[in-house]
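Colleague: coords below, sequence missing:
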Ligand code: ADP
């Protein structure tokens, strides 16, 4: 098995239309607590998966922030996607300046929990290649650099202990977002093992 770092891809694209060379078999939805659809990536996934997803989700009774639920991919199955993992990221409420160590804020813990829950579900359901959007960094306003550190830190840690998923794709919606992920990944030795504040 490759090293965890070699099992990560940072790509730019629409998570509902992953190119076949990515090999994506499961995608993560940044949903809201209703699980009944919304704007951003959630709206795009509901449109692409078709009305059966909404009908299915009406039976799930929603999902609390920080947790995740798995569904079939419905119309997305034609694109090789078998599962959708719906997770509810936290709304960022801590303002602009954040001189606080990652992990100290309630929002950090909830976002980390989203990644952990999705990875656990992916392992449980044998999802080979899992694609994540940048959860909470759109309408929910989580700072992108901070969110990328939480995402990469958790995924790298999980892949070090599990063979499934074999690969994780960070599906960035813009080149700028992908640049943030690449920078965070390249500088991981500075922030991942640091005990310093900031
Ligand atoms: P949240 O409410 O969790 O912030 P959003 O959907 O508003 O969710 O945004 C989360 C991230 O998903 C943002 O970085 C946004 O640019 C990105 N995004 C929006 N649509 C798509 C899509 N179709 N594919 C991949 N990423 C997307």
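Modeller: Ah, there it is. For clarity, every value in this text was computed on a predicted model and none was experimentally measured.

Colleague: middle-most residue in this structure, spatially?
Modeller: The chain has residue 132 as the residue nearest its centroid, 3.4 Å off, counting by C-alpha atoms, centre = their mean.

Colleague: quick one: residues contacting that residue.
Modeller: 28, 115, 118, 151, 155, 168, 169, 170, 171 (C-beta atoms under 8 Å, 6 or more residues apart in numbering). All C-beta spots, glycine's among them, are computed from the backbone N, C-alpha and C.

Colleague: same thing but at 10 Å, please
Modeller: 15, 26-30, 85, 87, 114-115, 118-119, 122, 151, 155, 168-172 (C-beta atoms under 10 Å, 6 or more residues apart in numbering).

Colleague: now what about the lowest-mean-pLDDT helix or strand in the chain, what contacts it?
Modeller: Here the helix or strand of the chain ranked lowest by mean pLDDT, DSSP states H and E is helix 188-191, holding a mean of 90. For helix 188-191, the surrounding residues in contact (C-beta under 10 Å, 6+ apart) are 5, 102, 145, 146, 149, 152, 153, 156, 184, 196, 198.

Colleague: what do you get if the cut-off is 6 Å, keeping everything else the same?
Modeller: residue 149 (C-beta atoms under 6 Å, 6 or more residues apart in numbering).

Colleague: circling back to that earlier point, across the sheet, point out what pairs with the residue nearest to the centre of the chain.
Modeller: residue 170 (DSSP bridges).

Colleague: measure it to residue 165 for me?
Modeller: 10 Å (C-beta to C-beta, to the nearest Å).

Colleague: same check, this time on residue 158
Modeller: On the measure of C-beta to C-beta, residue 158 and residue 165 end up 9 Å apart.

Colleague: for residue 24, same thing?
Modeller: Taking C-beta to C-beta, one finds residue 24 at 10 Å from residue 165.

Colleague: need the pLDDT of the residue nearest to the centre of the chain.
Modeller: Listed pLDDT for residue 132 reads 99.

Colleague: would you mind listing what in the chain touches the ligand?
Modeller: By the rule C-beta under 6 Å from any ligand atom, the part of the chain lying against the ligand is 14-16, 30, 40-42, 44, 89, 133-140, 171, 173, 177.
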